[in-house]
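> Generate coordinates for the sequence data below:
(chains A and B)
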Number of protein chains: 2
Amino acid sequence: MDITVAVDAMGGDHGAHVTVPAALEFLKTHNEVNIVLVGLRDVIEAELRQHRAEPGTRLRIHHASEVVTMDEPVQSALRNKKDSSMRVAINLVKTGEAHACVSAGNTGALMATARFVLKTLPGIERPAIAKMLPTSKGATCMLDLGANVDCSAEQLYQFGVMGAMLYSALGHREHPSVGLLNIGSEDIKGNEVVKRAGELLKASQLNFYGNVEGNDIYKGTVDVVVCDGFIGNVALKASEGLARMMGDFLRQEFSGSWSRPTTWWRPLIGLLSLPVLSSFKHRVDTRRYNGASLLGLRGIVVKSHGGADRFGFECALEQALEEARSGVLHKISDMLAGHSANTTDPLDA
Amino acid sequence: MDITVAVDAMGGDHGAHVTVPAALEFLKTHNEVNIVLVGLRDVIEAELRQHRAEPGTRLRIHHASEVVTMDEPVQSALRNKKDSSMRVAINLVKTGEAHACVSAGNTGALMATARFVLKTLPGIERPAIAKMLPTSKGATCMLDLGANVDCSAEQLYQFGVMGAMLYSALGHREHPSVGLLNIGSEDIKGNEVVKRAGELLKASQLNFYGNVEGNDIYKGTVDVVVCDGFIGNVALKASEGLARMMGDFLRQEFSGSWSRPTTWWRPLIGLLSLPVLSSFKHRVDTRRYNGASLLGLRGIVVKSHGGADRFGFECALEQALEEARSGVLHKISDMLAGHSANTTDPLDA
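Residues are numbered from 1 along each chain as shown, chains lettered A, B, ... in the order given. The predicted structure is shown next:
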């Protein structure tokens, strides 16, 4: 089946300069994909010309007259920009013209607009932001990463279901293990909400591992890590900051710009080590993990990092494609409905 | 002035095998320090003999007949082990026989025992765990790292005061900047507790920067990062996990154990890069930052990582020494008393 992805071409720090070439590159390597570029027609056409490309059967332009800025308040985006590239791209998912949409725009506005336009799946109180993170063993899905600052135990349980279904849908494992992020492995640890969430997860059909701690995320102790959005957001951003600092330190050491007095042999060793260092860099390249899923909606929406470059945005497109192919939405709603005999499609409800 | 440090010689994963040689090494390099090794006399004496050392004027043994195990429940440690090495070491601080104590024991038991024996400073509801973390610019003090899972706005404000006084007392800066860990830089972000804490910090005499995000921790955006213990604990452990993973990846790349097929030149480049890599390793060596402060008590208690080796434990001793020298306790209580004309020493109250 061909998959159509709607791209908010204006979103992100670089807008069409990144989204358009990423879309062109993605089409080259994925024959079964069509892309709809949503945004200011003039801007998109100019960018396409830059790349000696033009619209065709696999690449359409869908004009949208407004743009949600990166620092625009959520309410302003929702109320005043009904023809924004972000909203129109999401609308294409609602009407069925696209199987998924990708935006690098303002997270708050994207989440609110997606929720307003698409609505949540039955049984889901609030959507969550989920992301695959690299671990020593492979990858772990972590959620929520910032959509919900105060979560109930029931929401944390729902995050567990959504994360597990995403993980299994993406082909990683049939019954993924789910861990609850806490400050100790014992059941008695943590606050009341977390303790109650642990009970709900334990009683569920999920493959619940129990509590995990911060260091378990990158160890890959479990396939899915569940936490509230405040904690997930802080942990993710602290990790990004630490990875950047370690990268900077490593660069300084090899270039010799850190050591005093400067030693002539450091840059030489740096040069010799280039293939090794670039292989290391590839393994910890956060761009490869770009593309967070807005889970729990009646449609697939993927959020790219606002500052993503072309390669990073392509990875977000890949994430959207994999979700669309795998039928993750149906799996989530089936699981939440407790595998009942209900045959109505929640997506058509 | 000579400083006496009481050492819980039995604490940690390795007990006297680490604490005793660390104490001996520390005494060699610090002429103004005396150490009291607290614990089972036989075990300590045997360990001293291993290192051809014996007690003297600067190194005393104080017998304590019990040991708190690493997984012992807090209540059991408090009620049943009144002659534990941990408790007796803290008692030496209370009676004034030691200026500070260091333990690598069970965090929960240490915090509860220290709070029970020493009591909190006036104006402090609950103590916090604080730690210096490396940043791109130097070091940042972060608290709370796990003592309090649900904090009120007032507690977060008190953490700000304690962290700022610790940072300034250790000689890093006169008016350290304080940031409140949040999921966005705007005042409207976060939950109600965090918003209210922001107002309290803004109205205080502290040099309040405003909200900071997870990536600001390692950027060194502020000198002191305030957060509740659940978030701080997760962020710290996630960082430790990520640093370990990146270190493993780097080792694998240089040893060639990751790449398939194995390339003969990788181990060679690894060998050539050894001085550079070891300099990098030194900069990100978490052992150098070992030693978390239990702040807000009427006495100085430093918690070493349970798995610390000799060098790591020495760093925790250094942390205790610096705190004792700098009069951090007086600074905290002065600040909390609002620099009033109150001249009674809170430590003698």
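> Let me see the ranges of the helices in the stretch 201-349 of chain A.
A:214-219, A:229-255, A:265-272, A:274-283, A:310-326, A:328-336 (DSSP state H, counting those that start in this stretch).
> Would you reformat those as TSV and include distance to A:Ala164 and mean pLDDT?
(Glycine included, C-beta is placed from N, CA and C.) Formatted as TSV, those follow (distance: least, C-beta to C-beta, whole Å; pLDDT from 0 to 100):
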stretch	distance to A:Ala164	mean pLDDT
helix A:214-219	16	94
helix A:229-255	16	85
helix A:265-272	43	69
helix A:274-283	26	72
helix A:310-326	13	95
helix A:328-336	8	81
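> Adding mean neighbour count and distance to chain B, write those out as a markdown table.
Formatted as a markdown table, the helices of the stretch 201-349 of chain A follow (neighbours: other C-beta atoms under 10 Å in any protein chain shown; distance: least, C-beta to the nearest C-beta, whole Å):
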| stretch | mean neighbour count | distance to chain B |
| --- | --- | --- |
| helix A:214-219 | 23 | 3 |
| helix A:229-255 | 22 | 3 |
| helix A:265-272 | 16 | 5 |
| helix A:274-283 | 16 | 4 |
| helix A:310-326 | 22 | 16 |
| helix A:328-336 | 20 | 25 |
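> could those be laid out in a markdown table, adding distance to B:Ala147?
Shown next, in a markdown table, are these (distance: least, C-beta to C-beta, whole Å):
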| stretch | distance to B:Ala147 |
| --- | --- |
| helix A:214-219 | 16 |
| helix A:229-255 | 16 |
| helix A:265-272 | 43 |
| helix A:274-283 | 36 |
| helix A:310-326 | 38 |
| helix A:328-336 | 37 |
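> Of all those, which one is nearest A:Val43?
helix A:310-326 (16.1 Å; C-beta to C-beta).
> and the closest one with helix A:328-336, angle?
50 degrees (axes from the mean of the first three to the mean of the last three C-alpha atoms, to 10 degrees).
> Now do helix A:310-326: which elements does it pack against?
On a contact count with 3 or more C-beta pairs under 8 Å, 6 or more residues apart in numbering or on different chains; DSSP states H and E, helix A:310-326 meets strand A:3-8, helix A:16-29, strand A:100-103, helix A:153-169, strand A:300-303.
> residues of the third one that come out buried?
Counting neighbours by 16 or more other C-beta atoms under 10 Å in any protein chain shown, one finds that the buried residues in strand A:100-103 are A:Ala100, A:Cys101, A:Val102, A:Ser103.
> Quick check: next helix or strand after that strand?
Using DSSP states H and E, the next helix or strand after strand A:100-103 towards the C-terminus is helix A:107-118.
> Show residues contacting that next one.
A:11, A:68, A:72-74, A:77-78, A:84, A:86-87, A:90-91, A:93-94, A:103, A:126-127, A:129, A:146-147, A:294, A:297-299, A:301, A:303, A:306 (C-beta atoms under 8 Å, 6 or more residues apart in numbering or on different chains).
> at 6 Å instead, please
Identification of contacts with helix A:107-118 by C-beta atoms under 6 Å, 6 or more residues apart in numbering or on different chains yields A:68, A:72, A:74, A:77-78, A:86-87, A:90, A:94, A:103, A:147, A:294, A:297-299, A:301, A:303.
> so for that helix, what's the average pLDDT?
Helix A:107-118 comes out with an average pLDDT of 94.
> Next secondary structure after it?
Following helix A:107-118 in sequence order, the next helix or strand is strand A:128-134 (DSSP H and E).
> ends of stretch A:116-136, how far apart?
38 Å (C-alpha to C-alpha, to the nearest Å).
> What residues of it count as buried?
For stretch A:116-136, burial by neighbour count (16+ other C-beta under 10 Å) applies to A:117-121, A:123-124, A:126-135.
> ok, now stretch A:176-191?
A:Pro176, A:Ser177, A:Val178, A:Gly179, A:Leu180, A:Leu181, A:Asn182, A:Ile183, A:Lys189, A:Gly190, A:Asn191.
> and that stretch, how far from the chain's centre?
24 Å (C-alpha atoms, centre = their mean, to the nearest Å).
> what's the straight distance from one end of it to the other?
One end of stretch A:176-191 sits 25 Å from the other (C-alpha to C-alpha).
> does any part of that stretch sit near chain B?
Yes. Interface with chain B: stretch A:176-191 contributes A:Ile183, A:Asn191 (C-beta under 6 Å from any C-beta of the partner chain).
> Give me the contact list for that stretch.
Stretch A:176-191 is touched from outside by A:160, A:164, A:167-168, A:194, A:198, A:206-209, A:211-212, A:222-227, B:146, B:149-150, B:230, B:233, with contacts defined as C-beta under 6 Å, 6+ apart.
> Could you list the low-confidence segments of chain A?
For chain A, the stretches flagged by pLDDT under 70 are A:187-188, A:256-271, A:276, A:338-349.
> if I pick the residue nearest to the spatial centre of it, what's in contact with it?
Nearest to the mean C-alpha position of chain A, counting by C-alpha atoms, centre = their mean, stands A:Ala292 at 0.6 Å. By C-beta under 6 Å, 6+ apart, the contact list for A:Ala292 reads A:Ile129, A:Lys131, A:Lys303.
> The last one bridge partners, please.
Put plainly, it is A:Lys303. Following DSSP bridges, A:Lys303 is listed with bridge partners A:Ser103, A:Ala292.
> what's the domain layout of chain A?
A:1-124+A:296-349, A:126-289 (automatic domain parsing).
> mind checking how far the last one is from the chain centre?
Between the mean C-alpha point of domain A:126-289 and the mean C-alpha point of its chain there is a distance of 13 Å (C-alpha atoms, centre = their mean).
> same check, this time on the first one
On the basis of C-alpha atoms, centre = their mean, domain A:1-124+A:296-349 is displaced by 12 Å from the centre of the chain it belongs to.
> wait, A:Leu166 sits on A:Gly327?
No. Checked against C-beta atoms under 6 Å, the pair A:Leu166 and A:Gly327 is beyond contact range at 11.2 Å.
> neighbour count winner among those two?
A:Leu166 (27 against 13; other C-beta atoms under 10 Å in any protein chain shown).
> List the contacts of the more buried one.
Here A:Leu166 is in contact with A:Ala130, A:Cys141, A:Val328 (C-beta under 6 Å, 6+ apart).
> Name the helix or strand for the second one, please.
Same thing as A:Cys141. Secondary structure from DSSP H and E places A:Cys141 in strand A:139-143.
> Can you show me the CA trace of that strand as PDB?
Extracted C-alpha coordinates of strand A:139-143, given in PDB (Å, rounded to 0.1, in the frame of the first residue of the first chain):
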ATOM      1  CA  ALA A 139      16.500   1.200  21.600                       C
ATOM      2  CA  THR A 140      14.000   2.100  24.300                       C
ATOM      3  CA  CYS A 141      10.700   3.900  23.900                       C
ATOM      4  CA  MET A 142      10.200   6.600  26.600                       C
ATOM      5  CA  LEU A 143       7.000   8.500  27.300                       C
END
